[in-house]
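Visitor: Build me a model from this:
(2 chains)
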Amino acid sequence: MSSFLSQLHFQLSCALQQRIEICKLRQGEHLILGFSIGGGIDQDPGQNPFSEDKSDKGIYVTRVTPGGPAEVAGLMMGDKVMQVNGWDMTMVTHDQARKRLTKKNEDIVRLLVTRKSLEQAVRHSMM
Amino acid sequence: MFCRTQTTRAAIARGSALEMEIRRGKFRRSVFLDTLQDSDIQKKIDHEIRMRDGACKLLAACSQRDQALEAAKSLLTCNTRIMAYMSELQRMKEAQVMQRVARRSDGTRSSDAGPMDDRLPCKGKVAISDLRIPLMWKDTEYFKNKGELHRCAVFCLLQVGGEIHDTDMVMVDRTLTDICFDNTIVFSEASPGFELRVELYSCCSEEDYSAGSAPRKLASKLSSSLGRSAGKKLRVAMDPGACSPTSNAGAATLLLPGPAVAGPKYHLLAHTSLSLSHVQDSFRTHDLSISGNEECSYWVPLYGSVCCRLAAQPHCMTQQMMSGCLKVKQLGGDPPSWTNVYGVLKGTNLFCYHRQEDMEANVEPAFTIAINKETRIRASEKDPHSKAQSICISNQYGGEEVTHTLSADSREETHRWMEAFWQQFCDMSQWKQCCDDLMKIELPSPRKPALVTSKQGSLYHEIVIDTSDDISTVTDILTRRMQELELRSQLGTSPPWMSLFEESPGGPRTPRLARHSPRSPHRLPHSPLSSLRCPWPGLLSSDASLTSDSDSPCSTSPCSRHRGWAEPLSLSSPRFRPRTLSLDAKLSTLRGRGYGGVLQCSCQPPSSSSLAPIPAQCVPQATLSCSSSTSSNSSSEGSHSPSSLDGTPFSRPSSARRSLRNLRAKLDPRNWLQSQV
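Guide: Numbers count the residues shown, from 1 in each chain, chains lettered A, B, ... in the order given. Purely as a prediction, here's the structure:
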């Protein structure tokens, strides 16, 4: 059984692409999304705990505030953010990424994220 | 049935002689109208042809690549417009012919009556803005440091029906991650079924001018007047059902009567179509259909989507659709009492004012009745007390149903109001989400002169941010500047007002300076430096207001983005105080305007009355052309100079130091930063 699962693990480690729409929450002066990001082309990719490929300089979700707008919308820790409202996030600096998420004139951000959920599910089941 | 487009209101028996007469009258009128519309379009076509000839001449004459690209862009736009107008003309002529044929034959009354029965929804304004097209450069492309930059010139062509607009041209190379078009484009008369075609054209910026692809023979044939075969080809090409006028830019230019020009040629890179379903009050991403591939010279790696804000304002939301005197029945009470109001139907509301004058004076209406998708309106039976029918408007407020009963002065008035309400419902059903709330459309501002970013003498470009960046780097650069300026002042002749800053008390002194003179002696050893340094906080504060007040462009070249402040050292005149102001302007853009606000509180406010003689001399040549408010602001700098600190170049609030620390942390490659959003 475990060999079958390990076979599954190698063959089906596909990345799931998901579109997530987050409505920003207003807290006083700020519009918050309720998650944290890490990564960027100006950051050291070797320190990214979520990436499979340690040379991946993309933007990853490092934390999701429980009960926040991001969690409600279905964002998960470890997701890699590919696009935000049409802006590419695979080749941006950390600050550029933060800015694109926190534009004051946008109430809703639409993210395109990839998630290695199937692989994770298999891993969890094997543990 | 009552129809918006019909001018007659009275109900006429179908098939009566009167109806026939009216139809004949309309027919004659419509023929006249058509001819007017025809000539209108003809005029537009002539205008575009003239523009096109101009663009061709410019293209042939210009030597610089940029100019050629711009001219080629205008050429493409003109061609597209001509095609669109010609196809419209074609359609109109065909419609006329069809109408005449239909009228000549018998038994066409029913088909004629058809369009008159339908209600046409109102038109509206459609605006598209903030177009952004993300790019997807390959890893290797992005980090390539050597090799020349592969650049392309791109622009967008936007078309709604016969209206075609183009955006500004943007040069794209691998340092750009997105193509941004800042233009806001407004189409004024769009129907709810509009189709906004967005086309992205690009042209490689490196090829030299090769002759057009059209062979010589064909070119000469086309440049002659529209012959029979050429005309047929044109008509086929312009069949509106078959293809868009710009679906194949290469072929379109072949078929168009006109000289084939040498020069850069734009190719269609991507296109998409937007319609009412894409209209929303916020930014949305849409997919792009990309034509072309990596092998093409004009290829730009697109991510595949375009992000923009598409807003629509139907006329029913912005204009008064109906207004007149009404009587509103007071709820409850028997016998019913009626209040006279002046009603205005606009958007999703019926505003009732006490008097007409109130509406013109923008006074709040007495009350407002909502007219939206949930409202139900019906004409009730004749009230025994009044002669006319009354109109009942029912709305659901919360869980309750509230009914307002209105009555007009006469039967005709009631009919007109009912018709207006039906029209409103028609518009709302056609324009759907645009009628929920009024979407804001910013009118495109008058075109500002192109911002020239001159790379010489700009402090911003001199500052290199590296990990050891510190305020010391900035200070060093500024100190160097001061030394340069000092040198210059020694070489050049100093104008009388220079004495404000110089050690020699020989110059004219103003009452203001005299007040601060006890302080100035201890500044003497570093007078030019310190007094030049010290004005900065004050300059920083006033700069914020300076740049906002001075609207007139710089009279000396180069025209920098600081609207009237010349480059620091490029002014040949020996006036040096203005240079510090402009340095300051650069600093303030660097550090942000919030700065200026903080510092202003700590300085004394200027007493402008006593400083009146100075500003006229203080202000440099360039800024003399600016508004007088600028002059008074520059005087405030003079007042601030003595009151600020001596040692440090500028007094900075601690928040700036914090941000520098953050900057250092961000730039340290050993970190893997996480940010909360």
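Visitor: Let me see the contact set for residue 52.
Guide: Since you didn't name a chain, this refers to chain A. residue A:116 (C-beta atoms under 8 Å, 6 or more residues apart in numbering or on different chains). Placement of C-beta: from N, CA and C, glycine included.
Visitor: To clarify, I was referring to chain B.
Guide: B:75, B:78-79, B:82, B:258.
Visitor: Taking those together, which two end up most distant?
Guide: Pairwise distances across the contacts of residue B:52 peak at 10.7 Å for B:75 and B:82 (criterion: C-beta to C-beta).
Visitor: in stretch B:167-174, what's buried?
Guide: Taking 16 or more other C-beta atoms under 10 Å in any protein chain shown as the neighbour-count basis, stretch B:167-174 is seen to contain the buried residues B:167, B:169-170, B:172, B:174.
Visitor: So which of those residues belong to helices?
Guide: With DSSP state H as the criterion, helices contain none of the buried residues of stretch B:167-174.
Visitor: Which single one of those residues is nearest to chain A?
Guide: residue B:174 (10.3 Å; C-beta to the nearest C-beta).
Visitor: Apart from its neighbours in sequence, what residue is nearest the residue of chain A found nearest chain B?
Guide: Chain B sits closest to residue A:86 of chain A, with a gap of 2.9 Å, by C-beta to the nearest C-beta. If the residues on either side of it in the chain are set aside, residue A:86 comes closest to residue B:307, at 2.9 Å by C-beta to C-beta, 6 or more residues apart in numbering or on different chains.
Visitor: which element is that neighbour on?
Guide: Using DSSP states H and E, residue B:307 sits within strand B:305-314.
Visitor: Note down every partner strand of that strand and its orientation.
Guide: strand B:124-134 (antiparallel), strand B:283-287 (antiparallel) (DSSP bridges).
Visitor: residue contacts, the residue nearest to residue A:86?
Guide: Applying C-beta under 8 Å, 6+ apart, we find residue B:307 in contact with A:85-87, B:130-134, B:283-286.
Visitor: partners of it in the sheet?
Guide: residue B:132, residue B:285.
Visitor: For it, give me the pLDDT.
Guide: At residue B:307, the model reports a pLDDT of 92.
Visitor: Quick check: residue B:277 vs residue B:202, distance?
Guide: 28 Å (C-beta to C-beta, to the nearest Å).
Visitor: Would you mind pulling the contact partners of stretch A:20-31?
Guide: Contacts for stretch A:20-31 (C-beta under 8 Å, 6+ apart): A:32-34, A:68-70, A:72-75, A:102, A:104, A:106-113.
Visitor: Next up, phi/psi of residue B:351, please.
Guide: Residue B:351 adopts backbone torsions of phi -90, psi 130, taken as degrees, to the nearest 10.
Visitor: pretty sure it contacts residue B:326?
Guide: No. Residue B:351 is not in contact with residue B:326 according to C-beta atoms under 8 Å; the separation is 11.1 Å.
Visitor: for chain A, where's the lowest mean pLDDT among helices and strands?
Guide: Ranking every helix and strand in chain A by mean pLDDT, DSSP states H and E puts helix A:2-11 at the bottom, with a mean of 49.
Visitor: Now do the contacts for the most centrally placed residue in chain A.
Guide: By C-alpha atoms, centre = their mean, the mean C-alpha position of chain A lies nearest to residue A:79, the distance being 2.6 Å. Applying C-beta under 8 Å, 6+ apart, we find residue A:79 in contact with A:18, A:60-61, A:113-115.
Visitor: Among these, which pair sits farthest apart?
Guide: For the contacts of residue A:79, the maximum inter-member distance is 14.2 Å, found between A:18 and A:60 (C-beta to C-beta).
Visitor: Would you mind telling me which of the two has the busier surroundings?
Guide: Higher neighbour count among residue A:18 and residue A:60: residue A:60, with 22 against 16, using other C-beta atoms under 10 Å in any protein chain shown.
Visitor: what about chain A, any weak spots by pLDDT?
Guide: Scanning chain A for pLDDT under 70 picks out the ranges A:1-15, A:117-127.
Visitor: residues in contact with the host helix or strand of residue B:423?
Guide: Element membership for residue B:423 (DSSP H and E) is helix B:411-431. Applying C-beta under 8 Å, 6+ apart, the contact partners of helix B:411-431 are B:2, B:4, B:9, B:119-122, B:124, B:192-193, B:276, B:312, B:314, B:316, B:321-322, B:324, B:326, B:345, B:348, B:371-373, B:377, B:379, B:387-391, B:406-408, B:435.
Visitor: Show me where chain A has its helices.
Guide: A:2-11, A:69-73, A:94-101, A:117-126.
Visitor: do you know how far residue B:274 is from residue B:312?
Guide: 11 Å.
Visitor: between these two, which one's more packed in?
Guide: Between residue B:274 and residue B:312, residue B:312 has the larger neighbour count (other C-beta under 10 Å), namely 27 against 21.
Visitor: Tell me what that one is bridged to.
Guide: residue B:126.
Visitor: circling back: dump the contacts of residue B:307 to a markdown table, plus neighbour count and distance to residue B:431.
Guide: Listed next are the contacts of residue B:307 as a markdown table, based on neighbours: other C-beta atoms under 10 Å in any protein chain shown; distance: C-beta to C-beta, whole Å:
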| residue | neighbour count | distance to residue B:431 |
| --- | --- | --- |
| A:85 | 21 | 25 |
| A:86 | 21 | 25 |
| A:87 | 22 | 30 |
| B:130 | 15 | 22 |
| B:131 | 23 | 23 |
| B:132 | 19 | 26 |
| B:133 | 26 | 28 |
| B:134 | 26 | 30 |
| B:283 | 21 | 20 |
| B:284 | 19 | 18 |
| B:285 | 21 | 23 |
| B:286 | 15 | 20 |
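Visitor: Not counting its neighbours along the chain, what's nearest residue B:350?
Guide: The shortest distance from residue B:350 to any non-neighbouring residue, by C-beta to C-beta, 6+ apart, is to residue B:369 (4.3 Å).
Visitor: give me the element that neighbour is part of.
Guide: Here residue B:369 sits within strand B:367-370, counting by DSSP H and E.
Visitor: If we only consider the contacts of residue B:307, which is nearest to residue B:155?
Guide: residue B:131 (10.3 Å).
Visitor: coming back round to it: how about CSV for the strands paired with strand B:305-314, with mean pLDDT added?
Guide: Shown next, in CSV, are those (pLDDT from 0 to 100):
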stretch, mean pLDDT
strand B:124-134, 90
strand B:283-287, 90
